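> could you work out the structure for the sequence below:
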Amino acid sequence: MPAQASSRFTRPSKYTSQSSPTTPTSNTTSNATKIIKSRIEYASRRHSLADHGQYFALPMIGVVAAVVVWHKPTVAGTIAAIRDLPLGLQILAIASMVVAVQVVAKAGRPYALFAWNCFVRPFLEARKQPGGIDSEDHQRRLELFYEGQADVYDVTRRRLLRGRSTMLKLCAAQLRQYYPCDFTCGETQVESPLDPPPVPSPRLGPTPPTVQEKRFAWIDIGGGTGENIERMNAYFPICNFSRVYVVDITPSLCEIARKRFERLGWTNVRVLCMDACKFDIPKEDGPEDLEIALITMSYSLSMMESFYPLIDRLSEVLSPTGIFGVTDFFVSSKRSGDPTRQLSWLMRWFWAIWFDLDNIYLNPARREYLEHKFRTVKALNLHNAMFYPLIKIPYYVWLGAKEDPSFAGLRLDSETLLDDFAVLSDDEDEGVGMREGEEDGECLDTLEGLHVRSDHVHGQGMRWRQPFDLDLISRFATYIYAFSWEDPQMDLKVMDLRPEDRMLAITSGGCNVLEYAAEVGPARLHAVDLNPCQNNLLELKMAGIAGLEYQDFWRLFGEGYLPKFSTYLDTHLSPYLSPYAYHFWKQNANFTNFFKTGCTGLAIRVLRFIMKIRGLRDAIERMCGADTIEEQRVIWEKEIRPHFLSPWLIRILNNDRFLWGALGVPPAQMQMLLKEGSVYDYAVKTLDPVIQNSHIKSSNYFYYLPLMERYHPSCTPAYLSERGFTTLQSNPSRLDAIQIHTDVILNVLNNKVEDGELTKVMLMDHLDWFAEEDADAEIEAVSRKLCKGGKAFWRSAGRRPWYNRIFESRGFKVTALQARDEETEYLDRVNMYASLWCGEKL
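Residues are numbered from 1 along each chain as shown. Next comes the predicted model:
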């Protein structure tokens, strides 16, 4: 960052106590943690009967009615039984019944009002009369709809209007990257009753503002009863805002909001009952130096009669460093460029007509115009399965920001952003409103131009992930490898990797890529994988390093489970995740053991099943906890080996579906393996040497992990150790050197890498999968992109892979670094490959 920008954005002294990336475990952070944890405990006790009444109130009424109608003799018998009781017990029984009826009536009242006003009353009113419920007067129409249910609005909408808390958490996480946030202010105010997040995350992003007090405000358009404001207090305390404006056109809802803020004592919140299109900052609030840092709309954009002028107006008032958050129902267009939002024709037709009956308009043009005026920061497309599995209502959460060319000078705090991709071009180069890929006003079917640039203040999530073909998202449901199965210690030993190197590697589980970054930190590291989910996994690990404290990072990736992971995604990790990775993990956040996810998770579950039916759990734990290799070997040979290496088990598992679906071994590679011997011989030559030469507990996490379903604290990949984690978190340039490409290696080499740029290439074993023509094309590209003296490395299931001759024909000197033979059966801690090779470009 330029010197003048650095001095301009110096944090005020009242906020200097917040933690920084270099001090992630400071005392101040610990104090903040205690404050937020106390809020979590408080919130868990604030669930009223009304909040959960919909779960049992109406079903209970239905059950009572059914009993009365269909079981009259039973009811009569019950009354007779009560009549025969002593007087005292009669009084107690009758009193209990009265209390039960009152409780059910109280819990069910909000939903009865909701049903009456939404589904009955509109059809009883004179819909076409002037001033009626279908009046041309927008305010009158909304008031007639809400006036009878304003006091129960919050209770009845919590299950229907999903995504509001998620949107607020995401907005708060983005705001904290730039705006000062004091979690200790307003301690005497009323606590929010809704789930607060954990402690704010350390930042790797742009240098936050620091010199002078910033006056910034929040506008909640269509804010209704003001519940969003109360929710937000848990994520970004309201006392940090100079002003908060709740703008709504419905008087009855505004009155509920005013009472709410009077009760909370929040004097900086103003409720304005007016048309949002006519909103302007009141002169008494000093609009000259009041920055609009946040604008939100929750389920209100779809109710606006004239949304074009509203969005135009909001794009004018939002600060270049501000965030715009929206959550609402949606239907997709017939052919959406984003496969995550595509709906079937029936869903598009049904929901558009259904909501139109209540004057809610779900035409895709609303969201598309929103994305035209603002650049996407985060996007989430989900279904509200409130009546699962029959009814699933599509809704989205979207965050956007202004792409202000004058603000492009605020760069990330890294000296290694050498080749930032430019998704958007300056307006002066391509014309006003034109984006990359547009020609003669015709926009290509791509979402690349919709997202903020990586150098934007809110573009941290686009720093690592490179643009890719979004059609790939629908081709892959999950990742194959939750963790890598190549030994990075051997890689580092043979590669002689140095900080000045520029290398390319396959993403896989992301472990080896982060090992290279933690141990060496090369100047550029291209991580390539065709499967978007594998790259989503690498992004999650990098975001965890950027946004979590070590103990939480260890729980997630060391023990396999982080409580409230979905909340951490919103509050800690979202600023550092691309929209694609965030969307993927939000949809897959409910795992109980991270290592049982992906295709390798299937292999672990099969292994667990075998251990259970054969009664091997105790023996496995003793072997993995053995203090010596000898003790480990004895347990293996006497108690475990006869089961794991039984011919019948190997025959059962030796099928292409299991080998590819659970272990990631394609048929072509399996054929190479069979040329070296039988599957049984391969299993013996792999496992026996590992047990005899490596200590599982202290040095071989590759086998400790699938056997114990977690890492041992003393034996982990480098990035997962506290030392490696601290190295990467305190040196963000090591992470910023990583560029994540979702494509085949050949395309990345041809389109993203300069000739002679690379010094090292790690191809792992994937050339085993190729036909000769494909292997030749990739090896030729590797030769062009490597500098003279640069080296390529590869593993193979064969002792002499057939494609070695292609390397030689393309100008490489090929050398065997390791090869399995009768004398050498143990190659590395994984020991699953028959050879390791190096090709030096001559």
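> do I have it right that Phe468 meets Ile740?
No. Here Phe468 does not reach Ile740: they are 9.1 Å apart, not a contact under CB atoms under 8 Å. Placement of C-beta: from N, CA and C, glycine included.
> the two: who's more crowded?
Counted by other CB atoms under 10 Å, Phe468 and Ile740 do not tie: Ile740 has more neighbours, with 26 against 19.
> just checking, what packs against the helix or strand containing that one?
Element membership for Ile740 (DSSP states H and E) is strand 738-741. For strand 738-741, the helices and strands in contact under the criterion 3 or more CB pairs under 8 Å, 6 or more residues apart in numbering; DSSP states H and E are strand 524-528, helix 532-547, helix 745-752.
> can you rerun that using 10 Å?
The elements that strand 738-741 packs onto, with contact taken as 3 or more CB pairs under 10 Å, 6 or more residues apart in numbering; DSSP states H and E, are strand 502-506, helix 511-519, strand 524-528, helix 532-547, helix 745-752.
> tell me the buried residues in that strand?
Buried residues in strand 738-741, defined by neighbour count with 16 or more other CB atoms under 10 Å: Ile738, Gln739, Ile740, His741.
> same check, this time on stretch 790-803
Residues of stretch 790-803 classed as buried under the neighbour-count rule (16+ other CB under 10 Å) are Gly790, Lys791, Ala792, Phe793, Trp794, Arg795, Ser796, Ala797, Gly798, Arg799, Pro801, Tyr803.
> check for me that the fourth one belongs to a strand.
Pointing back at Phe793 there. Yes. Remark: Phe793 belongs to a strand, assigned using DSSP: H, G, I helix; E, B strand; the rest coil.
> could you dump the buried residues of stretch 790-803 into JSON lines with distance to Arg475 and pLDDT added?
Shown next, in JSON lines, are these (distance: CB to CB, whole Å; pLDDT from 0 to 100):
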{"residue": "Gly790", "distance to Arg475": "32", "pLDDT": "96"}
{"residue": "Lys791", "distance to Arg475": "33", "pLDDT": "97"}
{"residue": "Ala792", "distance to Arg475": "28", "pLDDT": "97"}
{"residue": "Phe793", "distance to Arg475": "28", "pLDDT": "97"}
{"residue": "Trp794", "distance to Arg475": "26", "pLDDT": "96"}
{"residue": "Arg795", "distance to Arg475": "26", "pLDDT": "94"}
{"residue": "Ser796", "distance to Arg475": "27", "pLDDT": "92"}
{"residue": "Ala797", "distance to Arg475": "26", "pLDDT": "88"}
{"residue": "Gly798", "distance to Arg475": "29", "pLDDT": "88"}
{"residue": "Arg799", "distance to Arg475": "34", "pLDDT": "90"}
{"residue": "Pro801", "distance to Arg475": "28", "pLDDT": "92"}
{"residue": "Tyr803", "distance to Arg475": "26", "pLDDT": "94"}
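> dump these to CSV, plus distance to Leu607.
Compiled in CSV, the buried residues of stretch 790-803 are given as follows (distance: CB to CB, whole Å):
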residue, distance to Leu607
Gly790, 40
Lys791, 36
Ala792, 34
Phe793, 30
Trp794, 28
Arg795, 23
Ser796, 25
Ala797, 21
Gly798, 26
Arg799, 28
Pro801, 29
Tyr803, 32
